[in-house]
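1. This is a predicted model, with the sequence first.
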Amino acid sequence: MQRKTFALIDGDQLKENVEQIKNKYPDYQYYIGVVKNNAYHHGIKSILNLIEGGINYLAVSSLEEVLQIRKYHSSIPILCLEPIPLEFIDDVLNANITLTVESLEYLENLLKIDLYTNLKVHLKIDSGMHRLGLTSKEECEEAVKKLKKHSKIKLEGIYSHFATLGITDPHWDHQVASFLEITSKIDLKEIPIVHFGRSATLVEHPKLSFCNGIRLGIVMYGFSQSRKDNPGFRSRLRILKRKYLQKKNQCSITFLENDLHLKTAFSLYSSIMSVRKVTKGDVVGYNTFVVKEDGYIYTLPIGYADGVTQSFKEVSIDHQRYPIVSDAMDMIMIFGKDRKPIGTQVEIFGEDISISEVCRNLNQNAYHLLNQISNRVVRVHKTKNEKEEIYY
């Protein structure tokens with residue numbers, strides 16, 4: 001590790017998270033782990049821990065992602081959530097990829113291909129997100145009929161995706177109704193896997209009776225989605241507003257709190273590579289931070305090219321907070337009153353500064369934060385006290 005900047009990935013924690021989720025919500029047959037974008041930037045090797053925990057199907061967004069996963073696991077079924085261009089059908093068959101069929105045009109082009117081996121597909125239904133999928137019961141019925149006639153293509157699944165959480169808006173319920181309407185001319189019980197959901201669907205809504213699969217994303221990585229109301233005045237106002245909207249929109253039952261005790265598995269570290277003494281009135285970096293009192297500037301080899309900016313606000317050194325006073329593409333600068341040795345490890349987020357706190361500082365969610373930590377940051381994968389440096 002040349003830069004002494006790394007993300008520590010706790011594989012044992014990922015495994016434990018999935019085990020806890022399955023114990024809490026045991027009524028599904030298929031637990032589909034969404035591991036797109038390098039497993040939410042935890043690193044593809046993390047999928048082995050997720051599988052150990054009980055994930056029995058994977059989902060990704062592209063052919064390239066499947067091919068990366070196949071370097072680590074050759075047999076687990078993998079659904080590509082986006083349609084793969086059919087010019088790459090040989091790669092699809094060789095890697096045993098489950099295709100998403102999202103339109104009749106795509107299906108008709110697929111049926112023209114002389115397949116040399118069997119292929120699994122899932123139909124995508126556009127229940128209201130208006131992004132991908134079949135849009136009418138006539139289209140759905142026609143697609144199912146055509147697939148049933150093909151000897152080498154198996155219709156293994158059918159699914160859709162929610163656009164909202166459905167806590168205070170009517171769209172969640174409308175999408176469920178739309179999905180059932182679009183699939184009303186086929187028998188869902190004849191399709192092996194029916195999945196309609198995401199992490200929030202799992203914990204905030206009762207299980208949909210027609211689904212035997214659930215797609216798990218951010219919850220696997222340690223975010224329980226639990227929303228605990230505080231006793232303060234603003235919290236009481238939020239509760240009143242929420243109840244009003246739920247009644248107005250006739251929302252179905254939701255669960256805002258759950259007793260999952262998940263932990264994040266991703267922590268980020270760098271180290272001090274330079275220390276210089278500064279005096280009151282000195283300016284530091286591009287941001288021209290003006291030093292207010294004598295002290296030291298610690299320069300770290302991590303910057304906005306790695307996804308870390310001055311907006312993170314603070315770092316932790318020896319369990320004490322220090323402010324980030326300037327940033328650059330490859331470096332950030334920290335101010336402190338005491339001189340620290342070069343090589344001292346610095347926590348960007350982890351044990352002392354949580355991901356949730358950084359998200360609040362950035363005014364963004366964990367999806368954005370995790371996915372902005374670039375792949376030039378080495379992933380150190382830890383399981384059972386063994387560590388392995390992985391470069392993506």
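-> Sure thing, it's come through. Model, not experiment: these values are computed from the prediction.
2. what does the model give Asp229 for pLDDT?
-> What the model reports as pLDDT for Asp229 is 65.
3. got a list of contacts for the top helix by length along the chain?
-> The longest helix of the chain (DSSP state H) is helix 233-248. Helix 233-248 has contacts (C-beta atoms under 8 Å, 6 or more residues apart in numbering) with 167-169, 229, 251, 254. Quick note: C-beta positions are derived from backbone N, CA and C, even for glycine.
4. how far does the next helix or strand after it sit from the chain's center?
-> Moving toward the C-terminus from helix 233-248, the first helix or strand encountered (DSSP states H and E) is strand 266-271. Computed by C-alpha atoms, centre = their mean, to the nearest Å, the chain-centroid distance of strand 266-271 equals 19 Å.
5. how about the CA coordinates for strand 266-271, as PDB?
-> The C-alpha coordinates for strand 266-271 follow below in PDB (Å, rounded to 0.1, in the frame of the first residue of the first chain):
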ATOM      1  CA  PHE A 266     -16.900   0.100   5.600                       C
ATOM      2  CA  SER A 267     -14.500   2.400   7.300                       C
ATOM      3  CA  LEU A 268     -12.000   4.800   5.700                       C
ATOM      4  CA  TYR A 269      -8.500   5.700   6.800                       C
ATOM      5  CA  SER A 270      -5.500   7.700   5.700                       C
ATOM      6  CA  SER A 271      -2.300   8.800   7.400                       C
END
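6. Please list the outside residues in contact with it.
-> Contact with strand 266-271 is made by 3-10, 41-42, 221-222, 300-302, 308, 332, 343-351, 355, 370, 373, 377, as judged by C-beta under 8 Å, 6+ apart.
7. ChimeraX command for the buried members of these?
-> Here is the ChimeraX command that selects the buried residues among the contacts of strand 266-271 (16 or more other C-beta atoms under 10 Å):
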select :3,4,5,6,7,8,9,10,41,42,221,222,300,301,302,308,332,346,347,348,349,350,355,370,373,377
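8. Go through the contacts of strand 266-271 and flag which are in strands.
-> Using DSSP state E, the members of those that fall within strands are 6-10, 300, 332, 345-349.
9. what would these look like in CSV with distance to Tyr391 and pLDDT?
-> Below are the ones in strands among the contacts of strand 266-271 laid out as CSV (distance: C-beta to C-beta, whole Å; pLDDT from 0 to 100):
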residue, distance to Tyr391, pLDDT
Phe6, 10, 97
Ala7, 12, 97
Leu8, 15, 97
Ile9, 13, 97
Asp10, 19, 97
Leu300, 20, 98
Ile332, 22, 97
Gln345, 20, 97
Val346, 21, 98
Glu347, 22, 98
Ile348, 19, 98
Phe349, 21, 97
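10. Any chance of TSV for the residues you listed, columns distance to Val176?
-> Converted to TSV, those look like this (distance: C-beta to C-beta, whole Å):
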residue	distance to Val176
Phe6	43
Ala7	38
Leu8	40
Ile9	35
Asp10	36
Leu300	48
Ile332	46
Gln345	49
Val346	47
Glu347	43
Ile348	41
Phe349	37
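11. Mind picking the two most distant members of those?
-> Farthest apart among these by C-beta to C-beta are Asp10 and Ile332. That separation is 24.1 Å.
12. Just name the closest of the ones in strands among the contacts of strand 266-271 to Arg360, please.
-> Of the ones in strands among the contacts of strand 266-271, the one sitting nearest to Arg360 (C-beta to C-beta) turns out to be Phe349, at 11.6 Å.
13. quick one: Gly222 and Leu216 touch, right?
-> No: shown here, Gly222 and Leu216 do not form a contact pair, counting by C-beta atoms under 8 Å, at 11.9 Å.
14. any idea what sits nearest Glu388, other than its immediate chain neighbours?
-> Closest residue to Glu388 in three dimensions, ignoring its sequence neighbours and counting by C-beta to C-beta, 6 or more residues apart in numbering: His381, at 5.0 Å.
15. Next, give phi and psi for Tyr159.
-> The phi/psi pair for Tyr159 (degrees, to the nearest 10) reads phi -160, psi 170.
16. Count the residues that sit near the closest residue to it other than its chain neighbours.
-> Once flanking residues are discounted, Tyr159 sits nearest to His195: 4.5 Å by C-beta to C-beta, 6+ apart. Neighbourhood size, His195 [other C-beta atoms under 10 Å]: 26.
17. Mind listing the residues bridging to Ile317?
-> On the basis of DSSP bridges, Ile317 is bridged to Gln320.
18. And the protein, what are its domain boundaries?
-> Annotated domains of the chain cover 11-248, 266-390 [automatic domain parsing].
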